[in-house]
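# Any chance you can model this:
(chains A and B)
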Amino acid sequence: MTPHTSVTADERTVLADLTELLARLMEDEYGLDDIEIGPDTTFNRDLELESIDLVTLAGLLQERYGDRVNFAEFLAGMEFDEIIELTVGRLVEYVVASLHAAEAS
Amino acid sequence: MAMVDTGAVRLHVQRIGPRDGRPATATVVLVHGLLTDSLASYYFTVAPAFAAAGLDVVMYDLRGHGRSARPADGYTLDDNVDDLEALLDRLAVTGPVHLVGNSYGGTVAFGYAARHPERAASVTLIESEPATPAWAVKLGGILDRVVTQLAHNETDAIAWITAHRGHNTARLARGAARLARDTTLGRDIPASRVLTEEQITAVRCPVLGVYGGDSDLAELAPWLEASLPDCRTVVIPGHEHSVLVEAAPAVGGHVLALVREAERAGAEVR
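Residues are numbered from 1 along each chain as shown, chains lettered A, B, ... in the order given. Modelled structure (predicted):
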């Protein structure tokens, strides 16, 4: 996990984006509007998201970033245990890397 | 999120295709299993590879499951096949499709193929079987346990599951208990009309059975091959009923091989 002190401007922006998307999802699906979300937050244990919620999140990411970020492919490449342990910070890293790759190509 | 109103129920649908804008070579329809399952079991496993292989991939949540609507009743196998038929109609998917079903989803997929043999290009049954009288009895037993032990004695049952199977399984079990309590699913499925032998053998398209080597269902493989005109089965060692999610690359590879072969054979016939 990247320490907070060294996050790049990119990562801060993406973290802010994801925090907003996740807050929206938690409110829409579970009526929760006071969720604290940070880089160490896990989707499974902390947010208690079910796999169908991650499909919804994939749709929100698609709306926000278009085809540059493919959340389904990201998770399809992971072992089950990695998905269980997935943190918001890990997704931030993936989104930033995907956006950079799209810029470079 | 795409919701499709079939006329009877609003279903949550996800559809993905080749990313580079190539036209899809065929349509594959993925049907998930009962109670704890949803289209997510495909979305994060085999679906991306299917789309990358050039297929139009249609996934949906069965009524009562995932993000689809949860009517209080209408959960027989025929209701589920009606939903699938209406959904493909609404999506204007008219040609033959490759059907893939996991567990109960395979029974639904096979039910669709039996009702419309001309619309099935292939069927893959993952840890699944056609609806026979023995199937209905087995499902009746499983659903009876869910309804009586889980839904009606939830606190104790969930405590036991949390202690012995962990937090995740307990959360899934709570969802299953809600579905069983809120709907007639537990009564409807065992009461479903099953298929006759003639209806089963009328499915002449290529059928693939995929089973986990450690699953009780693996013993169905010889029966399935003997019962259908064009059927092969694969047993994946070291897995049980969750073989789709646990061994997604292997399962997906077998499905893609079947689809490609069926498409080639279809092209020769045409």
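
# okay, CA-based contacts and neighbour counts for the rest of this
Will do.

# Where does the residue sitting nearest the centre point of chain A sit, in terms of helix or strand?
Nearest to the geometric centre of chain A sits residue A:91, at 4.2 Å (C-alpha atoms, centre = their mean). Using DSSP states H and E, residue A:91 sits in helix A:88-104.

# and that helix, is it in reach of chain B?
No - Helix A:88-104 stays out of contact with chain B when judged by C-alpha under 8 Å from any C-alpha of the partner chain, the minimum separation being 14.0 Å.

# Does anything pack onto that helix? Which helices or strands?
On a contact count with 3 or more C-alpha pairs under 8 Å, 6 or more residues apart in numbering or on different chains; DSSP states H and E, helix A:88-104 meets helix A:9-30.

# Of all the residues in the helix it packs on, which ones are buried?
By neighbour count with 16 or more other C-alpha atoms under 10 Å in any protein chain shown, helix A:9-30 contains the buried residues A:10-11, A:14-15, A:18-19, A:21-26.

# Check the spacing between the closest residue to residue B:214 other than its chain neighbours and chain A real quick.
Ranked by C-alpha to C-alpha, 6 or more residues apart in numbering or on different chains and with sequence neighbours excluded, the top spatial neighbour of residue B:214 is residue B:240, at 4.9 Å. To chain A, residue B:240 is 15 Å away according to C-alpha to the nearest C-alpha, to the nearest Å.

# do the same with residue B:126
In terms of C-alpha to the nearest C-alpha, residue B:126 sits 18 Å off from chain A.

# Contacts only, for that residue.
Residues near residue B:126 by C-alpha atoms under 8 Å, 6 or more residues apart in numbering or on different chains: B:100-103, B:106, B:209-211, B:243-244.

# And for residue 82, the neighbour number?
Using chain A here. Applying other C-alpha atoms under 10 Å in any protein chain shown, we find 11 other residues in the vicinity of residue A:82.

# Please refer instead to chain B.
By other C-alpha under 10 Å, 16 other residues sit near residue B:82.

# May I ask which helix or strand encompasses it?
Using DSSP H and E, residue B:82 falls in helix B:77-90.

# Strand partners (parallel or antiparallel) of the next helix or strand after that helix?
Following helix B:77-90 in sequence order, the next helix or strand is strand B:97-102 (DSSP H and E). Strand B:97-102 has the following strand partners under DSSP bridges: strand B:26-31 (parallel), strand B:120-126 (parallel).

# Settle this for me: residue B:173 is touching residue B:158, isn't it.
Yes - using C-alpha atoms under 8 Å, residue B:173 is in contact with residue B:158, at 7.2 Å.

# Could you name every residue contacting both of those two?
residue B:150.

# Quick check: which ranges of the chain have low pLDDT?
Since no chain was named, I'll use chain A. For chain A, the stretches with pLDDT under 70 are A:1-9.

# Hmm, no, I was thinking of chain B.
Checking chain B against pLDDT under 70 turns up B:1, B:269-270.
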